[in-house]
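Chemist: only geometry, no sequence info:
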């Protein structure tokens, strides 16, 4: 008992100390707020020092370092603005932190939001309408990348690190099997190619022709290829319970049943990792994954690797992915002005070209694609151009405030169908029932 | 006795001093009564601020419909969140998973640890080494351990299936199939906890006085009777402690799920705390997350109360 009391006292002392520290943080926060408040009310104060803005980003590792370098360059060339950049974890973690900071009143001024979450953030009035700032400047961006930037006809985001899914091909394997090394163009070809690539030893499959995570992103792609859509025009209805919604599951479950496709185990990105590892280890001949992996897979592939458009069913089709830059509604006017300056600069041709080359993401302006640097880079490795070319068949990711939860519901039903817990019709009926409830919220 | 005497003397001396200072006696008595509370105040403020206030506020929040993304619109909905949760097929599965996981990890885990402790409770050096080996998973971070297990359990290239196939057994699906995923998590959890439990059991075994065993040996008691009549009853405080600690920690499993399965495939490994995280942080459903947290609080409370009710009678404290 005595020992317990003692630890209790120590804990209390610690907690009190901690609250002291927290109180300290709070006071510096309010001082800062007061400082920026002055900047807006007294025009003279702005001349005294640069406007400070916070930028929270969600890419770690090498890409994070590239972002830090870009921010440093911005600060050197813009004496009246000082950007403080901070890594806040991957998309989801950054989203949660941004929401918490908005509630606490010490939010960043610019941050990255995953494109399918823009609707939710804009609908909750967390984001600032960019229309008055951009004044038509948004026309410089590739139109195929802008479809997830609008909510209720207002501009809320500019494209930053953007991707599409691609078909990755082991060209050596295809050549060896006497197939066109440029890969299958249609779903039928995907099946027939896979038949020729799959190897069996007795009952055991030692090599699969094809593998893809049963993930919402790839499913969206196949729905678009079948001429369908995920949501109705008004975003109130799930429109998967039809031929276009069924076709992808029919293709995948048929290929799994015939032993042509591996359904990689693991949830969400764990499954992506498995698919990419299998591809590198030459256990599968073709996989779906993002353009974002191109640089890394190319570095590690010990074979002639190529990429191609996702094969077409009725037509080609692909969603886009990645994140956009947004401005927070709660920032002061001076901060917003500086924030727009920064967002505009980060996504300008001069920055997006080296960013694309360093990261593997697509360049975001039309000028960048035609720039001599980009052209030289594409000439050296045409694989990097495939994603940009595929954008002509790009569809926006579904825009609805509840889509984050809805995509989880759909994905669960897809898995149910793939693992034989439900028929394809049942799974899509379930998804529709749950989805309509979510969308009406 | 001495303590009581001083306690009695205190007011007396106080009175003398008070008279000397010209202070009314009632004031002083009040001060004496309040003094303990003054000493307790830091601890009590801590408790109120960091335990009672959050508990109260989560209960209040569980009656509101609100989203983490838009805190300005909160609406009182009474018990609607609880109704939604209990009507949800997924949430019922989550409760079921949590129950199966807890019973299996605590049941199998403690039995295994107890047997290990009986075996390892010997003086030779080799037992010390084995004990250290069994204990080592406890000190490694759960995050890295989970990643290692994920690789071991890969159905195609994992070490576990390679070992199974090497001895002619078919490979197992592990985390890939909803039928086997929960079992896989239970295995990891038992492996992680068995070392700590064994250590506590051994400490308990060593505190049992040897003369009781000597008496039993003189009476020629068979080993199983010694076990049932002496070892287990004498060990009951340890068993009781481990039972409560293990039940609560199994109920709150999170890291393994977040890294290895994220609740899947198809919700088959989703458990209460992960569900709360998912609802709150991924889907921004603050109301549902809050009411699920209250349900967790109630369940852990009931379980602990039950333990105390049924077990404490059988526990012998020396």
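Modeler: Structure received. From a predicted model like this one, the values you see are computed outputs, not experimental measurements.

Chemist: tell me the SS of the residue in the stretch 201-350 of chain A positioned nearest to chain B?
Modeler: Minimum separation of the stretch 201-350 of chain A from chain B (C-beta to the nearest C-beta) falls at residue A:265, amounting to 3.3 Å. In this view, the C-beta of every residue, glycine as well, is placed from N, C-alpha and C. Look at residue A:265: counting by DSSP: H, G, I helix; E, B strand; the rest coil, its state is coil.

Chemist: thought it was touching residue A:273?
Modeler: No - the criterion here is C-beta atoms under 8 Å, and residue A:265 misses it with residue A:273 at 10.4 Å.

Chemist: picking that back up, contacts only, for the residue of the stretch 201-350 of chain A closest to chain B.
Modeler: With contact set as C-beta atoms under 8 Å, 6 or more residues apart in numbering or on different chains, residue A:265 has these partners: A:271, A:274, B:154-155, B:173-176, B:265.

Chemist: give me phi/psi at it?
Modeler: The phi/psi pair for residue A:265 (degrees, to the nearest 10) reads phi -70, psi 160.

Chemist: get me the contact residues on the stretch 201-350 of chain A for chain B.
Modeler: When proximity is defined as C-beta under 8 Å from any C-beta of the partner chain, the stretch 201-350 of chain A approaches chain B at A:265-268, A:270, A:274, A:278, A:281, A:283.

Chemist: tell me the SS of residue A:398?
Modeler: coil.

Chemist: mean confidence for stretch A:250-257?
Modeler: Per-residue pLDDT over stretch A:250-257 has a mean of 96.

Chemist: quick check: buried residues in it?
Modeler: A:251-253, A:255-256 (16 or more other C-beta atoms under 10 Å in any protein chain shown).

Chemist: which members of these occur in helices, if any?
Modeler: Secondary structure from DSSP state H places A:251-253, A:255-256 of the buried residues of stretch A:250-257 in helices.

Chemist: would you agree residue B:78 falls within a strand?
Modeler: No - judged by three-state DSSP, residue B:78 forms no part of a strand; its state is coil.

Chemist: Provide the backbone phi and psi angles at it.
Modeler: Main-chain dihedrals, residue B:78, degrees, to the nearest 10: phi 60, psi -130.

Chemist: so how far is residue A:180 from it?
Modeler: Residue B:78 sits at a distance of 64 Å from residue A:180 (criterion: C-beta to C-beta, to the nearest Å).

Chemist: compare the two and say which is more crowded by neighbours.
Modeler: Neighbours per residue, other C-beta atoms under 10 Å in any protein chain shown: of residue B:78 and residue A:180, the larger number sits with residue A:180, 13 against 10.

Chemist: wait, what's in contact with the more buried one?
Modeler: residue A:174.

Chemist: parallel or antiparallel, which strands does the helix or strand harbouring residue A:306 pair with?
Modeler: In this assignment (DSSP states H and E), residue A:306 forms part of strand A:305-308. Under the criterion DSSP bridges, strand A:305-308 sits next to strand A:165-170 (antiparallel) in its sheet.

Chemist: neighbours of the residue in the stretch 51-200 of chain A that chain B sits nearest to, how many?
Modeler: Nearest to chain B in the stretch 51-200 of chain A, going by C-beta to the nearest C-beta, is residue A:124, at a distance of 3.9 Å. Residue A:124 has 20 neighbouring residues, counting by other C-beta under 10 Å.

Chemist: what pLDDT does it get?
Modeler: 89.

Chemist: so what's it closest to, chain neighbours aside?
Modeler: What sits nearest to residue A:124 in space, not counting adjacent residues and going by C-beta to C-beta, 6 or more residues apart in numbering or on different chains, is residue B:70, at 3.9 Å.

Chemist: near chain A, which residues of the stretch 101-250 of chain B? Just list them.
Modeler: Where the stretch 101-250 of chain B comes near chain A, counting by C-beta under 8 Å from any C-beta, the residues are B:150, B:154-157, B:173-178.

Chemist: give me that answer again for 6 Å
Modeler: Within the stretch 101-250 of chain B, the positions lying close to chain A (C-beta under 6 Å from any C-beta of the partner chain) are B:155, B:176.

Chemist: for chain A, what's its nearest residue on the stretch 101-250 of chain B.
Modeler: For the stretch 101-250 of chain B, C-beta to the nearest C-beta, closest residue to chain A: residue B:176, 3.3 Å.

Chemist: may I see the domains of the chain written out as residue ranges?
Modeler: Let's take chain A. Chain A breaks down by automatic domain parsing into domains covering A:49-163+A:322-378, A:165-319+A:402-440.

Chemist: that answer is for a different chain, and I need it for chain B
Modeler: Chain B breaks down into these domains under automatic domain parsing: B:2-61, B:81-314.

Chemist: thinking the residue of the stretch 101-250 of chain B closest to chain A is in contact with residue B:155, fair?
Modeler: Yes - shown here, residue B:176 and residue B:155 form a contact pair, counting by C-beta atoms under 6 Å, at 5.1 Å.

Chemist: more neighbours: which of these two?
Modeler: Just comparing residue B:176 and residue B:155: by other C-beta under 10 Å the higher neighbour count belongs to residue B:176, 23 against 18.

Chemist: pick out the shakiest of the domains of chain B, pLDDT-wise.
Modeler: domain B:2-61 (a mean of 76).

Chemist: one step back: pick the most buried one from the domains of chain B.
Modeler: Most buried of those, by mean neighbour count (mean count of other C-beta atoms under 10 Å in any protein chain shown): domain B:81-314, with a mean of 17.

Chemist: still on that earlier bit, confidence score at the residue of the stretch 201-350 of chain A closest to chain B?
Modeler: For residue A:265, pLDDT reads 85.

Chemist: from the residues of the stretch 201-350 of chain A next to chain B, pick the one nearest residue A:108.
Modeler: Proximity of those to residue A:108 (C-beta to C-beta) peaks at residue A:268, which lies at 25.8 Å.

Chemist: can you give me phi and psi for the closest residue to that closest one other than its chain neighbours?
Modeler: With sequence-adjacent residues excluded and distances taken as C-beta to C-beta, 6+ apart, residue A:268 is closest to residue B:262, at 5.8 Å. Backbone torsions for residue B:262, taken as degrees, to the nearest 10, come to phi 50, psi 40.

Chemist: re the thing from before, next, count neighbours for the residue nearest to residue A:124.
Modeler: 20.

Chemist: and for residue A:432?
Modeler: By the measure other C-beta under 10 Å, the count of residues near residue A:432 is 20.

Chemist: and residue B:148, what is it in contact with?
Modeler: With contact set as C-beta atoms under 6 Å, 6 or more residues apart in numbering or on different chains, residue B:148 has no partners.

Chemist: phi and psi next, for it.
Modeler: Note on residue B:148: its backbone torsions stand at phi -60, psi -50 [degrees, to the nearest 10].

Chemist: now chain A, which segments are flagged as low pLDDT?
Modeler: Counting by pLDDT under 70, chain A shows low-confidence ranges at A:1-48.

Chemist: so what's the most centrally placed residue in it up against?
Modeler: Closest residue to the average C-alpha location of chain A: residue A:322 at 2.4 Å, with C-alpha atoms, centre = their mean. Listed by C-beta under 6 Å, 6+ apart, the contact partners of residue A:322 are A:161-163.

Chemist: quick check: bridge partners of it?
Modeler: residue A:162.

Chemist: how about the one 4 residues further on?
Modeler: In this structure, residue A:326 bridges to residue A:111, residue A:157 when assessed by DSSP bridges.

Chemist: just confirm residue A:352 contacts residue A:367, I think it does.
Modeler: No - contact criterion C-beta under 6 Å: residue A:352 and residue A:367 do not qualify, at 9.1 Å.

Chemist: comparing these two, which residue is more hemmed in?
Modeler: residue A:352 (28 against 16).
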